[in-house]
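Asker: I need the structure of the sequence given here:
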Amino acid sequence: MMHEFKTDSLLVRYLLGEASPEERSDLEAKYLANADLFEEVIATENDLIDAYAGGQLRDSDRKRFEEYFLGTPERQQRVEFAKALRNHVAEECKIQEKAELLKFSPPQPRWPALVQLGILSLFLAIVIWSIWMTARNFHLRNENARLQAQITDLLEKNKELQQQMEAYQKDTLKSEGDEQQQAKATPAIAVFTLHAGISRGNSMSNRVIISAETQSVCLQLVMEDHHYSKLDASIETVNGDKIWHKKDLPVRTGRKPRVDLTLPAKILTDDDYIANLTRAGSDGNAEMIGSYAFRVIRH
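Answerer: Here you go, the predicted structure:
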């Protein structure tokens, strides 16, 4: 009676698809990097095929073998070849047993030729099987080497990309730092906050100091009343000459509402000015909302 093939090892469970995802990933990573382990996997695979062909698998393992392992045409062909080889060997054994029984019978001139032919056929089958397995193992080793070369190449490319990213980040930080230093050295826009209700005589608290590098001036006109969404604005000299105006400026909400006026710095000279916030009244005339006196000092 044939003994059952042991299927408790990790390699057999892996070949039958019963290994856990963690065991499968760990084993595949190891045998791709270890030639000895790779050959052990191939040998276990051959033993498993022989055990199935010889009926040495338990019913549950045989069912798993048929459902999972025989999922590719290549494996199906290998199993069929193993079965044919076992049948051929069994037939040759039967012939040899009959020959032993007929030792004392009259000579049969045809038996020795048949036995020699059977042995020769078996030898040829074994040689063909060995050549096929050698070619397959050689192909798998070449494929493993190709995959390892691709992995090495990908790791090198990833390293180069990381170095390029680090260099780009350094250049970006340096560029941003240079821009910030330049902006600090030559401010393009100057921002000033003005409050309403200050007379021209007390306009020192509403001073607008403009440097030669300043291109634009932003006047933030702080309001006490925030019941408006948009207002008109104008700037005029103390003599009443209007030098700038803008309609429908939004009122910015917050802790204190305000209207921002952005105007070219070149239109402001050393002088006193008044910024007015108005809106169109029901009679069509401009209604004064706020007046802001300020003094410009250029240096």
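Asker: The helix or strand encompassing L263: which residues count as buried?
Answerer: If you go by DSSP states H and E, L263 is part of strand 258-264. Using 16 or more other CB atoms under 10 Å as the burial criterion, the residues of strand 258-264 that qualify are R258, V259, L261, L263. From N, CA and C alone the C-beta is placed, and that goes for glycine too.
Asker: Same question for stretch 274-294.
Answerer: The neighbour-count criterion (16+ other CB under 10 Å) identifies I274, A275, N276, L277, T278, I289, G290, Y292, A293, F294 as the buried residues of stretch 274-294.
Asker: can you put those in TSV and add pLDDT?
Answerer: Below are the buried residues of stretch 274-294 laid out as TSV (pLDDT from 0 to 100):
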residue	pLDDT
I274	92
A275	91
N276	91
L277	85
T278	89
I289	83
G290	85
Y292	89
A293	92
F294	91
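Asker: Adding distance to V208 and secondary structure as columns, could you present these in TSV?
Answerer: TSV is the format used below for the buried residues of stretch 274-294 (distance: CB to CB, whole Å; DSSP: H, G, I helix; E, B strand; the rest coil):
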residue	distance to V208	secondary structure
I274	12	strand
A275	10	strand
N276	16	strand
L277	17	strand
T278	21	strand
I289	21	strand
G290	17	strand
Y292	11	strand
A293	11	strand
F294	5	strand
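Asker: what's the closest of these to H88?
Answerer: When the buried residues of stretch 274-294 are ranked by distance to H88 (CB to CB), L277 comes first, at 107.3 Å.
Asker: ok, that closest one to E45 distance?
Answerer: Distance of L277 to E45, computed by CB to CB, to the nearest Å: 88 Å.
Asker: E39 now?
Answerer: Distance of E39 to E45, given as CB to CB: 11 Å.
Asker: Between these two, tell me which one has more neighbours.
Answerer: Per other CB atoms under 10 Å, whichever of E39 and E45 has more neighbours is E45, with 17 against 14.
Asker: Tally up the residues packed near the residue nearest to the more buried one when sequence neighbours are not counted, please.
Answerer: For E45, ignoring the flanking residues on the chain, the nearest one in space by CB to CB, 6 or more residues apart in numbering is L15 at 5.8 Å. Using other CB under 10 Å, the number of residues around L15 comes to 22.
Asker: ok, now which ones touch L15?
Answerer: V41, T44, E45, L48, F69 (CB atoms under 8 Å, 6 or more residues apart in numbering).
Asker: Kindly supply the PyMOL command isolating those of those residues that are buried.
Answerer: Restricted to buried positions by 16+ other CB under 10 Å, the PyMOL selection for those reads:
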select buried, resi 41+44+45+48+69
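Asker: Filter the contacts of L15 down to the ones in helices?
Answerer: V41, T44, E45, L48 (DSSP state H).
Asker: tell me which of those is nearest to E28?
Answerer: For those, the nearest to E28 is V41 (9.5 Å; CB to CB).
Asker: shouldn't the closest one be in contact with N34?
Answerer: No - V41 lies out of contact with N34 (CB atoms under 8 Å); the separation is 9.8 Å.
Asker: Does anything pack onto the helix or strand E156 falls within? Which helices or strands?
Answerer: Assigning secondary structure by DSSP H and E places E156 in helix 110-185. When contacts are defined as 3 or more CB pairs under 8 Å, 6 or more residues apart in numbering; DSSP states H and E, helix 110-185 sits against helix 21-33, helix 35-53, helix 73-101.
Asker: Mean neighbour count, those: which tops it?
Answerer: Mean neighbour count (mean count of other CB atoms under 10 Å) peaks for helix 35-53 among the helices and strands packed on helix 110-185, with a mean of 16.
Asker: Show the average pLDDT along the helix or strand following that one.
Answerer: Note on helix 35-53: by DSSP H and E, the next helix or strand toward the C-terminus is helix 59-67. Throughout helix 59-67, pLDDT has a mean value of 91.
Asker: And helix 59-67, what's buried?
Answerer: Neighbour-count burial for helix 59-67 [16+ other CB under 10 Å]: D61, R62, R64, F65.
Asker: repeat for stretch 143-153
Answerer: Result for stretch 143-153 [16+ other CB under 10 Å]: buried residues N144.
Asker: ok, and the closest non-adjacent residue to V191?
Answerer: Closest to V191 by CB to CB, 6+ apart is C218, at 4.5 Å.
Asker: give me every residue that touches that neighbour.
Answerer: With the criterion set at CB under 8 Å, 6+ apart, C218 makes contact with I189, A190, V191, F192, D260, L261, T262.
Asker: any chance of those residues in JSON lines, with pLDDT and distance to E97 too?
Answerer: Converted to JSON lines, the contacts of C218 look like this (pLDDT from 0 to 100; distance: CB to CB, whole Å):
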{"residue": "I189", "pLDDT": "91", "distance to E97": "108"}
{"residue": "A190", "pLDDT": "89", "distance to E97": "112"}
{"residue": "V191", "pLDDT": "91", "distance to E97": "109"}
{"residue": "F192", "pLDDT": "88", "distance to E97": "115"}
{"residue": "D260", "pLDDT": "94", "distance to E97": "109"}
{"residue": "L261", "pLDDT": "92", "distance to E97": "115"}
{"residue": "T262", "pLDDT": "95", "distance to E97": "110"}
